[in-house]
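A.B. asks: Using only what follows, build the 3D model:
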Amino acid sequence: MKFLFKIKNTCLLIALLTGGVVFSQTESQKIESLISQKKSYNQENKNTVVYKIQLYNGSESEAYKIKNNFKSAFPEYKAKIIYKQPEWKTQVGDFETKLEADRVLLLIKEEFSGAIVLEDLI
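C.D. replies: Next up, the predicted model:
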């Protein structure tokens, strides 16, 4: 009788331990699935903060003139023209950190004294 009791308890213990492993694997799989879904969502719905250096804000013709002057002076950086009613803007870069933008701003300020760093969402 004691032998059967020990076997019964051993079987019960094995069942509990095995069930716990299956449960934790299932939970782990759910967590991995949620992480994967979050990564996918973040890629589709980017709301990332970036920093831009604004060289000019005003008329269209002057914005293009500033862009061309900038390209001549700093060919390693890409400038772009943006229209936000009612003004045209000449901006440089999508810098990941403000520190990175500030370092480039120090170089640019020698030629474009009115340049400023702006925060933007992409």
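A.B. asks: which residues of this protein score low on pLDDT?
C.D. replies: Applying pLDDT under 70 to the predicted model, the residue ranges of the chain that meet it are 1-25, 46.
A.B. asks: residue closest to the middle of it?
C.D. replies: When the chain is reduced to its mean C-alpha position, the nearest residue by C-alpha atoms, centre = their mean turns out to be Thr48, at 4.5 Å.
A.B. asks: so who does that residue touch?
C.D. replies: By C-beta atoms under 8 Å, 6 or more residues apart in numbering, Thr48 lies in contact with 121-122. In this view, the C-beta of every residue, glycine as well, is placed from N, C-alpha and C.
A.B. asks: tell me the strands in this structure, going along the chain?
C.D. replies: Taking DSSP state E as the test, the strands found in the chain are 49-58, 79-84, 87-95, 116-121.
A.B. asks: Enumerate the positions of the first one that are buried.
C.D. replies: Translated: strand 49-58. 50-57 (16 or more other C-beta atoms under 10 Å).
A.B. asks: For the closest residue to Ala63 other than its chain neighbours, list each beta-bridge partner.
C.D. replies: Once its chain neighbours are removed from consideration, Ala63 has its nearest residue in Trp88; the separation is 3.9 Å (C-beta to C-beta, 6 or more residues apart in numbering). Here Trp88 sits in beta bridges with Gly58, Tyr83, going by DSSP bridges.
A.B. asks: what's next to stretch 66-81, contact-wise?
C.D. replies: Stretch 66-81 is contacted by residues 55-56, 60, 63-64, 88-93, 104, 107-108, 111-112 when judged by C-beta under 8 Å, 6+ apart.
A.B. asks: Name the residues of it that are buried.
C.D. replies: Within stretch 66-81, the residues that count as buried by 16+ other C-beta under 10 Å are 66-67, 69-70, 74, 79.
A.B. asks: that older thread, and the residue nearest to the centre of the chain, what are its phi and psi?
C.D. replies: The phi and psi values for Thr48, taken as degrees, to the nearest 10, are phi -90, psi 140.
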